[in-house]
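Visitor: Next input, structure requested:
(one chain, ligands or ions: 1)
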Amino acid sequence: MNDHIRPQPGIMEIALYEGGASHVAGVTDAVKLSSNENPFGPSDKAKEAFTRAAHKLHRYPSTDHASLRQAIGDVYKLDPAQIICGVGSDEIIRMLVNAYAGPKDEVVFTEHGFLMYKIAALGAGATPVAVPERERTTDVDAILKACGKKTKLVFIANPNNPTGTMIGLAELERLANGLPKQAILVIDGAYAEYVEGYDGGAELATRLPNVFMTRTFSKIYGLGGLRIGWGYGPKHIIDVLARIRDPFNLSTAQLETAEAAVRDQDWINRCRDDNARLRGWLAEALAEKGVPSDTSTANFILARFGSEEEAIACDEFLKRDGLIVRRVASYGLPHCLRITVGDEPSCRRVAHMIGLFKAGATA
Ligand SMILES: Cc1ncc(COP(=O)(O)O)c(C=O)c1O
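Guide: This is a model prediction of the structure:
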């Protein structure tokens, strides 16, 4: 750091975010199971919309995102006036923190919660507060105990990354109702579409003045490379976020691809079904080989090993075979590996290799 030119307090405490690795030196057929991406990619209709957008690159994009908000509103049965779109849900998280938390304020999240909450809090000069979970699951009572006058935001990823666990809507409502009056509960639904019949907290965000929901096109919609997310909640929060959103934060390609993607729910239903089937198979196959995991509600499994050493050794073993999974020591889970549910051959290959590893084979 320069002796005279200094960043705002908090910024140098941010540990640089490490994305999931995408290649292994010397391996040409590596399989990436490290970033919870949809192995089947986006809908063909989304790809076609992306290609069509190439003809409009000389034009500035829409600033109000009206067409995408209308499409999301139609599909999710929400008022488009209460929707805001961003560069991934990361940008929505960042906007919420920048708008509502600053020095001396606290941003609360769970022990093994998504890393972006802490990064955004430190970036805004606020104090991050991590609350213990119970058996790798959000503990509402512990969160309520941790909240006080300084709490401005409480982030709950439901399902949570990287644990894969979730809590019910009644528990989320109890949390919202028990928070101090100045605090907002943000329900992060990045993986909500993977849970059949779950609305991601939309109904709570419609009914309660202190609940906001974030969503993404990066997971089941298969558009992680394009960076589109959205948020939904009370008008008073949307009105605040709209004031700090960059006017041209999303490109025409992002807006039109997302719109085509959200209107193709047949593709989403197929991806949800395939994920549920393959996730069940993978969890069972690993358990049979002595690697347990909590029941996952998302598109990944948090595989638990006997020790940090064993998790590191298995990660190395898989990497030598071109299988890239995610170490989650930075999430406080050094003895675990997070494995994205891939397509069927990838699931079979990772289960087979973990079986060999557990049997003591060397690659
Ligand atoms: C729980 C959770 N929330 C939000 C995000 C951010 O997703 P994006 O910015 O791609 O929308 C992720 C990505 O991994 C996540 O796991």
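
Visitor: Double-check that Ala121 belongs to a strand.
Guide: No: counting by DSSP: H, G, I helix; E, B strand; the rest coil, one finds Ala121 to be helix, located in no strand.

Visitor: That one against Phe114, yeah?
Guide: No: the criterion here is CB atoms under 8 Å, and Ala121 misses it with Phe114 at 12.0 Å. Placement of C-beta: from N, CA and C, glycine included.

Visitor: what about these two, which has more around it?
Guide: Between Ala121 and Phe114, counted using other CB atoms under 10 Å, the more crowded position is Ala121 (27 against 21).

Visitor: Which residue is the nearest non-sequential neighbour of that one?
Guide: With CB to CB, 6 or more residues apart in numbering as the criterion, Ala121 has its nearest non-adjacent residue at 3.7 Å, and that residue is Val107.

Visitor: number of nearby residues for the one you found?
Guide: Using other CB under 10 Å: Val107 sits among 28 other residues.

Visitor: mind listing what the helix or strand harbouring it pairs with, with the direction of each?
Guide: Using DSSP states H and E, Val107 falls within strand 106-110. Strand 106-110 has these partner strands in its sheet, going by DSSP bridges: strand 127-131 (parallel), strand 151-157 (parallel).

Visitor: Of the ones you listed, flag the one that's most buried.
Guide: strand 151-157 (a mean of 26; mean count of other CB atoms under 10 Å).

Visitor: wait, does that strand contact the ligand?
Guide: Yes: Strand 151-157 reaches the ligand (CB under 6 Å from any ligand atom) through Ala157.

Visitor: Quick one: mean pLDDT over that strand.
Guide: For strand 151-157, mean pLDDT is 98.

Visitor: Can you give the distance from that strand to the centre of its chain?
Guide: 15 Å (CA atoms, centre = their mean, to the nearest Å).

Visitor: ok, and what's touching stretch 133-153?
Guide: Contacting residues not belonging to stretch 133-153 are listed as 96-97, 100-101, 104-108, 110-112, 126-127, 129, 131-132, 154, 156, 158, 160, 163, 165-167, 171, 174-175, 178-180, 182-184, 186, 294, 302, 333 [CB atoms under 8 Å, 6 or more residues apart in numbering].

Visitor: can we see that at 6 Å?
Guide: 100-101, 105-108, 110-111, 129, 131-132, 156, 163, 165, 167, 171, 174-175, 178-180, 183-184, 294 (CB atoms under 6 Å, 6 or more residues apart in numbering).

Visitor: Mark which of these are buried, thanks.
Guide: 100-101, 105-108, 110-111, 129, 131, 156, 163, 165, 167, 171, 175, 179, 183-184 (16 or more other CB atoms under 10 Å).

Visitor: in the stretch 51-200 of the chain, which spans are helices?
Guide: 66-76, 88-100, 116-123, 140-146, 169-178 (DSSP state H, counting those that start in this stretch).

Visitor: Would you mind putting the CA coordinates of the first one into PDB?
Guide: These are the backbone C-alpha positions of helix 66-76, laid out as PDB (Å, rounded to 0.1, in the frame of the first residue of the first chain):
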ATOM      1  CA  ALA A  66     -38.800  -2.700 -19.100                       C
ATOM      2  CA  SER A  67     -39.000  -5.600 -21.500                       C
ATOM      3  CA  LEU A  68     -36.900  -8.000 -19.300                       C
ATOM      4  CA  ARG A  69     -38.700  -6.900 -16.100                       C
ATOM      5  CA  GLN A  70     -42.000  -7.600 -17.800                       C
ATOM      6  CA  ALA A  71     -40.900 -11.100 -18.900                       C
ATOM      7  CA  ILE A  72     -39.700 -11.900 -15.400                       C
ATOM      8  CA  GLY A  73     -42.900 -10.500 -14.000                       C
ATOM      9  CA  ASP A  74     -45.000 -12.600 -16.400                       C
ATOM     10  CA  VAL A  75     -43.200 -15.800 -15.600                       C
ATOM     11  CA  TYR A  76     -42.800 -15.400 -11.900                       C
END
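
Visitor: domains for this protein, by residue range?
Guide: Following automatic domain parsing, one finds the domains of the chain at 11-41+266-358, 44-265.

Visitor: Go through those domains and pick out the most buried.
Guide: domain 44-265 comes out most buried of the domains of the chain by mean count of other CB under 10 Å, with a mean of 20.

Visitor: Could you tell me the least trusted of the domains of the chain?
Guide: Here the lowest mean pLDDT among the domains of the chain goes to domain 11-41+266-358, at a mean of 94.

Visitor: check contacts around the residue in the chain that the ligand sits nearest to.
Guide: Using CB to the nearest ligand atom, the single residue of the chain nearest to the ligand is Gly88, 2.5 Å away. Contacts for Gly88 (CB under 6 Å, 6+ apart) come out as Arg227, Gly229.

Visitor: of all the residues in this structure, which ones are close to the ligand?
Guide: When proximity is defined by CB under 6 Å from any ligand atom, the chain lies next to the ligand at 36, 88-90, 114, 157, 161, 188, 190, 216, 218, 224, 229.

Visitor: coming back round to it: surely the residue nearest to Ala121 is in contact with Ala101?
Guide: Yes: under the criterion of CB atoms under 6 Å, Val107 makes contact with Ala101 at 5.3 Å.

Visitor: Common neighbours of these two, please.
Guide: In terms of CB under 6 Å, 6+ apart, Val107 and Ala101 are both contacted by the residues Ala126, Leu153.

Visitor: quick one: the closest residue to Ile14 other than its chain neighbours from Gln8, how far?
Guide: Take Ile14 and drop its neighbours on the chain: the residue closest to it by CB to CB, 6+ apart is Leu122, 4.9 Å away. Separation of Leu122 from Gln8 (CB to CB, to the nearest Å): 10 Å.
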